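> Sequence plus predicted model, see below.
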Amino acid sequence: MTLKTAVSVAALAVALGVGPEAMAQTATAERTPTTEVPKAPVAGQIVVQDPNTILAKELIGQTVYAPDKAKIGSISDLILSKDGKTVQGFVIGVGGFLGIGEKSVAMKIDRLKVAAGPNGSFELAMDAKKEELTNTPTFKSKREQDAEKLAEQQRKEAPQRPTGQKQP
């Protein structure tokens with residue numbers, strides 16, 4: 001019973017001259033338990049995570065190591081197919097210091113190796129070195145590509161002013 005309902009019931013009881021015994025009976029009647037129907041999963045529903053699977057949120061932020069156990073970087077995102085049925089790749093932040101100067105590099109998911117870690121955890125590794133990845137092109141998401149195209153288009157469409165003229 002909400003506070004608003006309780007106050008309304010109490011005010012009504014006072015107005016009608018109903019004693020506390022009658023109000024107690026009403027409150028008890030409202031609290032009778034209802035029988036709950038057992039819940040059944042729908043087709044395709046996963047009720048319990050399989051021990052041989054990893055959630056995406058467990059991958060994002062995880063450190064990836066090179067074969068020599070040197071830290072390469074951390075996973076910042078996953079790349080899914082448009083139908084959402086397959087993980088095609090992962091994005092890893094490489095280089096920089098405390099996130100400054102870091103660049104994103106995307107790799108195909110088959111380059112990521114998952115191994116058992118201490119205490120039932122897992123460790124991520126790949127067969128590349130940090131230096132190799134820092135010398136590769138930066139990954140551009142679809143959103144970033146579209147923003148660049150739009151900016152370029154707007155730049156081309158903007159009226160050209162002769163150099164040296166001030167804007168009005």
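Ah, there it is. Numbers count the residues shown, from 1 in each chain.

> can you give me the helices for this protein?
With DSSP state H as the criterion, the chain has helices at 3-16, 20-30, 56-59, 130-134, 142-157.

> which ones are touching N119?
Contacts for N119 were tallied using CB atoms under 8 Å, 6 or more residues apart in numbering; there are none. Placement of C-beta: from N, CA and C, glycine included.

> so what's F97 bridging to?
Beta-bridge pairing of F97 under DSSP bridges involves I100.

> Tell me where the model's unsure across the protein.
1-33, 98-99, 160-168 (pLDDT under 70).

> tell me the angle the longest strand seen in it makes with helix 142-157.
For the chain, the strand that runs over the most residues, judged by DSSP state E, is strand 71-80. Angular relation of strand 71-80 and helix 142-157 on a 0 to 180 degree scale: 80 degrees, by axes from the mean of the first three to the mean of the last three CA atoms, to 10 degrees.

> C-alpha coordinates for strand 71-80, CSV please?
This file holds the C-alpha atoms of strand 71-80, laid out as CSV (Å, rounded to 0.1, in the frame of the first residue of the first chain):
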residue,chain,number,x,y,z
LYS,A,71,51.0,-5.1,-22.5
ILE,A,72,49.7,-4.1,-25.9
GLY,A,73,46.6,-2.2,-24.9
SER,A,74,42.9,-2.6,-23.8
ILE,A,75,39.9,-3.6,-25.7
SER,A,76,37.6,-0.6,-26.2
ASP,A,77,34.9,-2.1,-28.5
LEU,A,78,33.7,-5.1,-30.4
ILE,A,79,32.7,-5.1,-34.1
LEU,A,80,29.6,-7.1,-34.9
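
> I'd like to know which elements it is packed against.
Judged by 3 or more CB pairs under 8 Å, 6 or more residues apart in numbering; DSSP states H and E, the packing partners of strand 71-80 are helix 56-59, strand 63-65, strand 87-94, strand 103-108, helix 130-134.

> and with 10 Å instead?
helix 56-59, strand 63-65, strand 87-94, strand 103-108, strand 122-126, helix 130-134 (3 or more CB pairs under 10 Å, 6 or more residues apart in numbering; DSSP states H and E).

> partners of the fifth one in the sheet?
It refers to strand 122-126. By DSSP bridges, strand 122-126 pairs with strand 63-65 (parallel), strand 112-116 (antiparallel).
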